[in-house]
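Chemist: Structure for the following, please:
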Amino acid sequence: MFYALTQGLLDTEGLEISHVLSDIETLNQAAFEGKYEITALSVHGYAYLADRYALMPSGASFGDGYGPVVVAPKALVREDLRGIEVAIPGELTTAHLALRLWQPEVETRIVAFDRILDVVAAGEVAAGVVIHEGQLTFQDQGLTKVVDLGEWWHEETGGPLPLGGNGIRKDIEPALQRRLCRLLRQSIDYALDHRGEALEYALQYARGLEDDPERSDRFVSMYVNEWTRDYGGAGRQAVQRLLDRAHEAGILDHRQVAEFVEYE
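Modeler: Numbers count the residues shown, from 1 in each chain. Below you'll find the predicted structure:
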């Protein structure tokens with residue numbers, strides 16, 4: 001998404017763009033301090049940060065019939081996980097929210113996202129929710145899928161599971177907010193229109209897929225696509241649906257209405 005912005009391929013009109021790489025839960029927590037003007041946010045995390053951040057209309061990651069995967073060393077079903085400890089990649093991740101919606105009575109342990117497969121394989125927890133490349137590599141460690149939460153969500157709602165988006169601080173002057181939204185959209189458009197070079201750049205950050213360009217390309221296609229260019233009406237409805245379901249289930253103690261920056 002940020003290839004063109006970080007590599008000087010776009011005219012930033014005098015703006016200095018610094019690219020900060022961190023896992024999503026660390027970014028969720030940093031957002032409570034307003035640390036970054038623009039930051040990736042879990043949709044789950046956004047529900048607690050909407051007083052400080054609005055959603056940018058581009059840059060979202062949707063699981064369209066796929067998403068975070070609950071994995072275990074052996075075959076399990078939903079009832080098996082009642083009261084059982086499951087590793088999650090962060091309290092405010094959408095993976096955790098989706099897990100709670102699927103099995104409200106689960107117990108959780110927070111584990112760094114890139115350690116969850118190892119922790120599950122070692123038998124330290126009964127199961128874990130994997131995100132990022134782990135969704136494609138869990139079988140390499142002899143683990144089995146319990147449920148694909150994005151697939152389950154699609155069966156439940158008929159729509160995609162909105163996992164994350166980009167938030168922009170509300171204290172930024174509105175004209176600059178719109179300008180930054182346009183730049184992000186241009187960066188995403190560039191990457192999708194120059195897929196080969198953008199993917200080659202992104203491979204340096206591929207955990208466990210550096211030597212597997214086919215699976216790397218598949219993973220990128222899952223989360224950087226037309227949904228990423230713009231949420232559109234269906235994407236915005238999907239975000240609101242998830243937030244509303246979380247409130248109805250008692251996971252969120254308030255109903256949060258998603259607020260997007262309009263720039264066109």
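Chemist: And the contacts of stretch 167-183?
Modeler: 5, 10, 12-13, 15, 31, 34, 36-41, 46, 49, 51-58, 261-263 (C-beta atoms under 8 Å, 6 or more residues apart in numbering). C-beta here means a position set from N, CA and C on the backbone, and glycine is covered the same way.
Chemist: Please read the previous query as pertaining to stretch 20-33.
Modeler: 36, 39-42, 45, 48-49, 52-53, 89-93, 110, 112-114, 131, 164, 167, 205.
Chemist: repeat for stretch 134-152
Modeler: Residues from elsewhere that reach stretch 134-152 (C-beta under 8 Å, 6+ apart): 63-78, 81, 95, 98-99, 102, 113-114, 116-118, 120-121, 127, 129-130, 160-161, 208-209, 215, 218-219, 222.
Chemist: what's the neighbour count on residue 48?
Modeler: Applying other C-beta atoms under 10 Å, we find 18 residues neighbouring residue 48.
Chemist: and if you look at residue 168?
Modeler: 24.
Chemist: That one falls within a strand, correct?
Modeler: Yes: assessed by DSSP: H, G, I helix; E, B strand; the rest coil, residue 168 belongs to a strand.
Chemist: Tell me the spacing between it and residue 13.
Modeler: Look at residue 168 and residue 13: by C-beta to C-beta, to the nearest Å, they are 17 Å apart.
Chemist: Identify the single longest helix in this structure, thanks.
Modeler: As assigned by DSSP state H, the longest helix anywhere in the chain is helix 174-193.
Chemist: after that helix comes which helix or strand?
Modeler: Next helix or strand after helix 174-193 toward the C-terminus (DSSP states H and E): helix 195-202.
Chemist: Give me the helices and strands touching that following helix, please.
Modeler: helix 3-6, helix 174-193, helix 213-223 (3 or more C-beta pairs under 8 Å, 6 or more residues apart in numbering; DSSP states H and E).
Chemist: mean confidence for the longest one?
Modeler: Mean pLDDT, computed over helix 174-193, is 96.
Chemist: now the angle between helix 213-223 and that helix, please.
Modeler: Relative orientation of helix 174-193 versus helix 213-223 (axes from the mean of the first three to the mean of the last three C-alpha atoms, to 10 degrees): 140 degrees.
Chemist: what's the angle from helix 174-193 to helix 195-202?
Modeler: 110 degrees.
Chemist: cool, the last one as well?
Modeler: Here helix 213-223 runs at an angle of 100 degrees relative to helix 195-202 (the same axes, to 10 degrees).
Chemist: buried set for the next helix or strand after helix 213-223?
Modeler: Sequence order places helix 226-229 as the next helix or strand after helix 213-223, per DSSP H and E. Within helix 226-229, the residues that count as buried by 16 or more other C-beta atoms under 10 Å are 227-229.
Chemist: which parts of the longest helix of the chain are buried?
Modeler: Quick answer for helix 174-193 (16+ other C-beta under 10 Å): 177-181, 183-188, 190-191.
Chemist: Work out the gap between that helix and the centre of the chain.
Modeler: Distance of helix 174-193 from the chain centroid (C-alpha atoms, centre = their mean, to the nearest Å) equals 19 Å.
Chemist: go on, stretch 180-200?
Modeler: 18 Å.
Chemist: so how far is residue 216 from the residue lying closest to residue 218 once chain neighbours are set aside?
Modeler: Spatial nearest neighbour of residue 218, excluding adjacent residues (C-beta to C-beta, 6 or more residues apart in numbering): residue 136 at 6.7 Å. Going from residue 136 to residue 216 by C-beta to C-beta gives 9 Å.
Chemist: For the stretch 1-150 of the chain, just list every one of the strands.
Modeler: Applying DSSP state E, counting those that start in this stretch to the stretch 1-150 of the chain gives strands spanning 38-42, 53-55, 61-63, 69-72, 85-88, 107-110, 127-130, 144-148.
Chemist: No more questions from me, cheers.
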